[in-house]
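Trainee: Any chance you could fold what I've pasted below:
(one chain, ligands or ions: 1)
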Amino acid sequence: MKFHPCRPIALAEPVRRPHSMVPISSSVIVLEHQDLPPLTVKVVRRRRKRLSLVVETDGLVECRVPLRCAKQEIDLFVRSNESWLREVLAKQKRERRRPRLRFEVGAEHYFLGQRYRLVQDYEISSIKIVNGDLHLPAKADSPGRIQTCLEGWYRRQAQRLIDYRVDRLCAQYDLQPPHQIKIRKMKAKWGSCSASGGLCFNLWLITQDLRAIDYVIVHELCHLKHFDHSPAFYAYLGSMMPDWQHRQGLLV
Ligand SMILES: [Zn+2]
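Mentor: Below is the predicted model:
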């Protein structure tokens, strides 16, 4: 099955620097946007046939172009991929500031963008939210059991909420509904879309603000029409959810 990972690293190439590939000359393109910080792209001319964009792990962006490529063509290529670039950079930034989860009483966890403290409660048999705290049942008496209990609860909440929001958003934006919605624990992505029309969402999406959850859902629904991160995909996404970049910025 062809699988679209929603991790738009696909355009990036592995970093190989043999002697013959040493950059011959370079310049810089700065992408400016009214509501967003400027984005600097280093243009590197090399002996190569195609243009490509590479986002390094430290957030530096390079556009690698053939030696005789016209400036206008480079400019158009970079600008038409600006949405993709900003998405990759935002994701890198989120990953750098994500704290390590602790599964113990007193630790803080998120649900729908709100922070809750874990509290042991011997009176209950399943997780409950009480006065801003997340109450754990007696059986969650070790880090491993707290994690199992919390993840099971997140999974049920995520499946219920995402099923409901997908229905609502498909109706609101007149989108084709997916034939299947799965919830999985994923390390590097919030959602994914299969070529057969099924969507998969990260279990931890339920910890995020509802506006950001809706953004991830609409992003994946748009892949049912555009199975890539092309400018056409972002134009389609923007026509439906004009504030998607703001919503994406809420993901932590
Ligand atoms: Zn995507």
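
Trainee: Show me what the helix or strand residue 96 falls within is packed against.
Mentor: Using DSSP states H and E, residue 96 sits in helix 82-97. Contacts defined by 3 or more Cβ pairs under 8 Å, 6 or more residues apart in numbering; DSSP states H and E place helix 82-97 against strand 25-33, strand 36-46, strand 52-55, helix 231-240, helix 244-248. Glycine gets a C-beta too; all of them are placed from N, C-alpha and C.

Trainee: What helices and strands are in contact with the first one?
Mentor: In terms of contacts (3+ Cβ pairs under 8 Å, 6+ apart), strand 25-33 is packed against strand 36-46, helix 71-80, helix 82-97.

Trainee: Report the buried residues of the helix or strand just after the longest one.
Mentor: On the C-terminal side of helix 82-97, the closest following helix or strand by DSSP H and E is strand 108-111. Applying a neighbour-count criterion of 16 or more other Cβ atoms under 10 Å, the buried positions in strand 108-111 are 109, 110, 111.

Trainee: same thing with stretch 171-184?
Mentor: Buried residues in stretch 171-184 (16+ other Cβ under 10 Å): 175, 178, 181, 183.

Trainee: now the residues you listed as TSV including secondary structure?
Mentor: Listed next are these as TSV, based on DSSP: H, G, I helix; E, B strand; the rest coil:
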residue	secondary structure
175	coil
178	coil
181	strand
183	strand
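
Trainee: Centre of this protein to the edge, which residue is at the far end?
Mentor: residue 123 (38.1 Å; Cα atoms, centre = their mean).

Trainee: So in the protein, which helix runs the longest?
Mentor: Looking across the chain with DSSP state H, the single longest helix is helix 143-173.

Trainee: what helices or strands is that one leaning on?
Mentor: Packing contacts for helix 143-173, counted by 3+ Cβ pairs under 8 Å, 6+ apart, involve strand 108-111, strand 133-136, strand 180-184, strand 198-202, helix 210-223.

Trainee: ok, 6 Å please
Mentor: Applying 3 or more Cβ pairs under 6 Å, 6 or more residues apart in numbering; DSSP states H and E, one finds that helix 143-173 contacts strand 180-184, helix 210-223.

Trainee: Outline the domain layout of the protein.
Mentor: For the chain, automatic domain parsing gives the domain ranges 11-97, 108-248.

Trainee: Show the average pLDDT along the shortest one.
Mentor: Across domain 11-97, pLDDT averages out at 80.

Trainee: cool, the longest one as well?
Mentor: The predicted model gives domain 108-248 an average pLDDT of 94.

Trainee: roughly how far out does it sit from the chain middle?
Mentor: Domain 108-248 has its C-alpha centroid displaced from the chain centroid by 11 Å (Cα atoms, centre = their mean, to the nearest Å).

Trainee: Then the shortest one?
Mentor: Between the centre of domain 11-97 and the centre of its host chain there is 20 Å, according to Cα atoms, centre = their mean.

Trainee: ok, now how distant is residue 61 from residue 85?
Mentor: The gap separating residue 61 from residue 85 is 6 Å, by Cβ to Cβ, to the nearest Å.

Trainee: hmm, back to that, phi and psi next, for the residue farthest from the centre of the chain.
Mentor: When quoted as degrees, to the nearest 10, the phi and psi of residue 123 stand at phi -90, psi -10.

Trainee: Just send the helices and strands packed on helix 143-173 back as a markdown table, with distance to residue 128 too.
Mentor: Output for the helices and strands packed on helix 143-173, formatted as a markdown table (distance: least, Cβ to Cβ, whole Å):
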| stretch | distance to residue 128 |
| --- | --- |
| strand 180-184 | 21 |
| helix 210-223 | 20 |
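
Trainee: Tell me which of those lies nearest to residue 236.
Mentor: Comparison of these against residue 236 by Cβ to Cβ identifies helix 210-223 as nearest, at 5.3 Å.
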